[in-house]
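Student: take a look and give me a structure for this.
(2 chains)
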Amino acid sequence: MSHSWVDAILAAGVVPASYVPEASVGRTDLEEFTGADPVEDPELRVHSLDGVRALAPAAVGFLDGIEQWRVVGYAGVTPIVRAYVAAAIRLRGTDRRPRTIAEDADELAITRLDRLPDAVREALERAGVRVVEISADDAGQPARALPAARIEVQKARAALERRLAERRLSGLGSDEWLVVDGVLSDSSALSAHPRVLGVVKSHGAEYFAGPELERALTLPAVRRTSVFRPKSRGARRDIYSWYLRLWPWEGNDLLYGLLRVEARAHPETVARASGISAWLTAERAPLATPDRRWDRLLYPIHDVETYLRARAPRDLLPAPGSRLPRTGT
Amino acid sequence: MIDKASPQPPPVGRVVATEQKPATPHQFHFWTANETTIGIGAIVRVEGAGSGEQEAGKVVYGVVTDGFAYSDLATPLHDVVGAEGDPARAAESPTVRQEIRLWTAAVLRQQPEEPLQPVPLGRVHVATDTDVAQALRMDAYLDGTEPTAIPVGLYTSGGLEAPVYLDADFLLGPEAAHLNISGVSGLATKTSAVEFLLGSIFQHFPPHKGRIAAVCFNVKGPDLCFLDRPGVLEDEDRRRYERLAVRAQPFERVRYYAPFKADGVNLNTLRTHPDLVGDVEPLVWGLREVLDYAEVLLNRDDIDAKADAFIDFLSDRVVDKEFDDGFGGAHRVVTFADLERLFRSIFDGLELGGGRGDTWRTHHIATIRKVRNRLSNISTRAKGLVTDDGPSNDLPWGRFEDRAVYVVDVANVDPLGQDLVFARIVSKLREHLERRDLGVEAVVVFVDELNKYAPADGPETYVKKMLLDISERGRYLGLVLFGAEQFRSQVHRRVVGNAGTIVFGRMDSDELATPGYQVLSPAIKIKLATLPIGELMVRHPHFTQPIFVRFPRPAVLRGRDGVERFPPAADLPFEDAVVRQLVKLDRRVRPNLVKDLIVDRREEDVRRALAHTRQTRPQDAFAHFKKHLGGRVAAAPATARESVPPLNPISDEPY
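Tutor: Numbers count the residues shown, from 1 in each chain, chains lettered A, B, ... in the order given. As a prediction, this is how the structure comes out:
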């Protein structure tokens, strides 16, 4: 879908705008303390990966998604946001080169319809763009409208990723794994599959406190913690998880090089945790530079993101010029 | 020939343009898959994206001039970090970094040609036969009522190959002319390329342009001594001949010329095998032939107005005329020997004349002595080419045959003699072509080691001036220079600059570093430095960029192989050599009779009679030879001299 619907609403009287909010840093973990139950050990311990034989799947699919959005106009003080979300799975086989095997994208308009003039609303309907509404309260306050819009974009992306991943599960080969950038517990299918991993690189959620928290956050490089079960939160599914340190954190910060891995809540996961961790440690190379999250970003995930960004609409990227008023010449 | 039915191959790349690397009307960049058949020198076709009105249907042809590969690695240090400093681990990373094959291409042609715009960001295809013809503007001379296309080789890339043609109007005149070929020695490229191209020219020279012949100077080894003998070809060579529509056969008409050795009877060439030597004509010149090109024989310091005037005097007033020396002697100077007699007469006359001074006919005796020295010197240094006495034997001026190759073997001749041969033959070609009485309308002159005859620096020799003249004006006459050299930078820039077609074989890296190659990209230079045998880079007026082509090995016997198959015969004794030449003229000649006839005869007399017989080519060669040899003059017994006894007889006493 082109952005012809943007032209339509501008023609209907929307004041044009061009505001690209700060780029998403990825889907974040929940920013709250939830707690966890020990699974592998009575309390959180550190497991060395020295001498551990890494799991070596014949093929691995890596799934990631992107989101891009821009305020394209204002009807009064109500923003109209054009958002683009996309997700892809790139399969890495024996030749070690990722190739896209599934992808999807969606474009949506985010606003509050009942705050729009009739002409604008009709223009949106005629354009056929999928409209996602923010709450009336948020729409009334520009300072709250944009964060609300951002949440809707994130939801749309997460939904798209989930759909894509679940579709892929049916075709997953017997020696093929799927690594998802983010949590698995949003999907019952993903969280129950024996060869699906979630790799979480943002650590808003806190599962431990006290000495266990310290043990988790000061994990030495190439070590993992015991497998634990994050406590269930809302609709989230039962999952097993553990921390893995890819790079030494000393000299940086506590979260430097720290991943949290999610896998099926099953005894087999505990048995495989070290092998999986050794595998993920091997994924440190090649470095995912120049991405600033390279210490936690696996290169194949970075590769998916690069692929998606290369195919995304160019007009949603921040303009290279300044936002100084135009001179009229 | 051009395969117009070849299917359209799928795209292999896509044009990309950034602010740093934009597409321009003359250059563009495109990427391909990592595994691609594209390489340096590949010809590609870009189709307009079709988004704009002008771009729809626009086709751009380009040739790849450079290639780049890089990954998304931000800095080499990141690779070190990722591999934890162990290069072995770097190769074991689970994922291969994204990498790109990015190519730079120079535009060969845009269609439509106007308006000339930047290359569209479209799809890139490997060129087909038809594309190559379009890209190189060969369509202008491949088709039509009077095509002028000369196959030069096959453009090959990624399993596709297409014939490449030169335009005869631009290779052999009159629009442009001359070919220059450079390349390091010993790779059988320069000579082989010229041999193949000559064969191609002979088979494809347009009928409406008349007749053509070639004069090849063999300046080293046996290179050109076996052009009439079939060489060994492989199946691949035959396939290439077939693709180029050139018959794989040796030259049908080859005439060999070589001077004699110093003995005046054995030919100074490597084509002396008994089965072949019969085809070799002796190249012998006398005074008249030399005097016309005396300037060649004099070094720069010698060429002063006085010597020049005296040579002119000899040429105009003395040679071939009845001449009175002013001292009572009458001369008819035809040979070097006659001239020597005249000089002696002049010197004697001046010495005996007492107070008559140091001048003769306004020429100072020093000038006369200098000219005499130089002229007598040539008969010594080029003995065998220049005859002191007797008639000359020359190329068939006025009777040149169509599609014939005249090989002049001067490989073992003194450099001065080589200069003389070269200057005289080329000058004669020019004279006859100007008068349109050579027998053919165009002549290709092949000269190897051009850097020797037309060096970039050094004195302005007669030969160099003549080569410059050919280079700049030869195309109007049909006199076409095919020059070869190892280092192009060492050849006079006006000689190479006037060559319409430039061919490069494998080049020396030092040579490629000279300013003349600045226009080539580093990748092209590297390709040139590593070019395999049988591959060339060609520049031609119709091609806006140099093109790499492969040519089949020539269908003639290579010099080295020829010498092995037909090893040169050892020099024959004087008598046998005379017999061989007479038998060549007349198979009825009985060797024993000849030997009996010439035994105890002076070799000069025998050579003179033999030369006359060779020149006359009588029905009965032996009778003619015998007649000109003359009767044997019995040696008169020496008369005993009366000696005067010494005044003081020498004593037997030793002390």
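Student: which helix is the longest one in the chain?
Tutor: Answering for chain A, as no chain was given. Determined from DSSP state H, the single longest helix within chain A is helix A:142-169.
Student: nope, chain B
Tutor: Chain B, longest helix under DSSP H: helix B:415-435.
Student: dump the C-alpha coordinates for that helix into CSV.
Tutor: Extracted in CSV, the C-alpha atoms of helix B:415-435 (Å, rounded to 0.1, in the frame of the first residue of the first chain):
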residue,chain,number,x,y,z
PRO,B,415,71.1,-3.4,-37.6
LEU,B,416,72.3,-1.0,-40.2
GLY,B,417,71.3,-3.4,-42.9
GLN,B,418,67.9,-3.9,-41.2
ASP,B,419,67.3,-0.2,-41.3
LEU,B,420,68.2,-0.1,-44.9
VAL,B,421,65.9,-2.9,-45.8
PHE,B,422,63.1,-1.5,-43.8
ALA,B,423,63.5,2.0,-45.2
ARG,B,424,63.8,1.0,-48.7
ILE,B,425,60.9,-1.5,-48.8
VAL,B,426,58.5,0.8,-47.0
SER,B,427,59.5,3.7,-49.2
LYS,B,428,59.1,1.7,-52.3
LEU,B,429,55.7,0.5,-51.1
ARG,B,430,54.7,4.1,-50.6
GLU,B,431,55.9,5.2,-54.0
HIS,B,432,54.0,2.4,-55.8
LEU,B,433,50.9,2.9,-53.7
GLU,B,434,51.0,6.6,-54.6
ARG,B,435,51.2,5.7,-58.2
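Student: if we can go back for a sec, give the rounded mean pLDDT of the longest helix of chain A.
Tutor: Mean pLDDT, helix A:142-169: 92.
Student: buried ones in that helix?
Tutor: A:145-146, A:148-150, A:152-154, A:156-158, A:160-162, A:164-165, A:168 (16 or more other Cβ atoms under 10 Å in any protein chain shown). (Each C-beta comes from the backbone N, C-alpha and C, glycine too.)
Student: one more: stretch B:240-252?
Tutor: The neighbour-count check on stretch B:240-252 (16+ other Cβ under 10 Å) flags B:240-241, B:243-244, B:246, B:248, B:250-251 as buried.
Student: residues touching that stretch, excluding its own?
Tutor: For stretch B:240-252, contacts defined as Cβ atoms under 8 Å, 6 or more residues apart in numbering or on different chains pick out B:1, B:151, B:153-154, B:161, B:163, B:196, B:198-200, B:202-204, B:227-231, B:233, B:237-238, B:403-405, B:550-552, B:555-557.
Student: for ChimeraX, what selects the buried ones among those?
Tutor: To isolate the buried ones among the contacts of stretch B:240-252 in ChimeraX, judged by 16+ other Cβ under 10 Å, type:
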select /B:151,153,154,161,163,196,198,199,200,202,204,227,228,229,231,233,237,403,404,405,550,551,552,555,556,557
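Student: please list the residues of chain A that sit near chain B.
Tutor: Neighbours of chain B within chain A, by Cβ under 8 Å from any Cβ of the partner chain: A:92, A:95-98, A:279, A:282-287, A:289-290, A:299-300, A:303, A:306.
Student: tell me which of those fall in strands.
Tutor: Among the residues of chain A next to chain B, DSSP state E puts A:92, A:98 in strands.
Student: buried only: go through the residues of chain A next to chain B for me.
Tutor: Taking 16+ other Cβ under 10 Å as the criterion, what is buried in the residues of chain A next to chain B is A:92, A:97-98, A:279, A:282-287, A:289, A:299-300, A:303, A:306.
Student: distance between the helix or strand A:Tyr74 falls within and the chain's centre?
Tutor: Using DSSP states H and E, the element containing A:Tyr74 is strand A:59-75. Between the centre of strand A:59-75 and the centre of its chain there are 9 Å (Cα atoms, centre = their mean, to the nearest Å).
Student: what's the angle between it and helix A:142-169?
Tutor: Strand A:59-75 and helix A:142-169 are oriented at 150 degrees to each other (axes from the mean of the first three to the mean of the last three Cα atoms, to 10 degrees).
Student: partners of strand A:59-75 in the sheet?
Tutor: Here strand A:59-75 is paired, per DSSP bridges, with strand A:15-19 (antiparallel), strand A:78-92 (antiparallel), strand A:176-181 (parallel).
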